[in-house]
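Visitor: for reference, the sequence and a predicted model appear below.
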Amino acid sequence: MKKNLPVTNKEILLSKQDSIISITDLKGQITYINETFLSISGFSEDELLGQSHNIVRHPDMPSAAFKDLWSNIKAGKTWQGIVKNRCKNGDHYWVKAFVTPIYSNNKITGYQSIRSKASEKELAQAQILYKV
């Protein structure tokens, strides 16, 4: 598993209006990001496009969460969960992620992820579950 470092203890708080959007190919390589993704993560468009989406994976996230995500979306199902992501400088931000397959001619051609601010209750539950 890739371990993205460095990490800090500084949390970046999302606003209720923030909507982070990305699209990947079938292998999880980023093909699209919106401006909110860039501003919150601290990465540039050139640093993200073509890279594996796990570039923002925080080392505190259990691999089982991503195993579940990939199992569902490869089977054509949607996935929703609370995710701790890492910024380029090591700061982190929590999101409620909704990932769905993208279809073309009845075949999955990629995946879209829409992430928004998680509620306090969702964060508390995730931190217990992930033992963060």
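Guide: Received it, and whenever you're ready, just let me know what you need.
Visitor: and the lowest-mean-pLDDT helix or strand in the chain, what does it pack onto?
Guide: Here the helix or strand of the chain ranked lowest by mean pLDDT, DSSP states H and E is helix 120-130, holding a mean of 90. Counting contacts by 3 or more C-beta pairs under 8 Å, 6 or more residues apart in numbering; DSSP states H and E, helix 120-130 is packed against strand 79-86, strand 92-104. Glycine gets a C-beta too; all of them are placed from N, C-alpha and C.
Visitor: buried ones in it?
Guide: For helix 120-130, burial by neighbour count (16 or more other C-beta atoms under 10 Å) applies to 123, 126, 130.
Visitor: ditto for stretch 109-120
Guide: For stretch 109-120, the neighbour count (16+ other C-beta under 10 Å) marks 110-118 as buried.
Visitor: the residue in the chain sticking out farthest from the centre and residue 76, how far apart?
Guide: Most distant residue from the mean C-alpha position of the chain: residue 105, 26.4 Å away (C-alpha atoms, centre = their mean). Between residue 105 and residue 76 the distance, using C-beta to C-beta, to the nearest Å, works out to 14 Å.
Visitor: ok now stretch 97-104, how far from the chain's centre?
Guide: Relative to the centre of its chain, stretch 97-104 is centred 13 Å away, using C-alpha atoms, centre = their mean, to the nearest Å.
Visitor: what helix or strand is residue 70 located in?
Guide: Taking DSSP states H and E as the criterion, residue 70 maps to helix 63-74.
Visitor: give the rounded mean pLDDT of that helix.
Guide: Averaging pLDDT along helix 63-74 gives 96.
Visitor: cool, stretch 47-54 as well?
Guide: Stretch 47-54 comes out at a mean pLDDT of 97.
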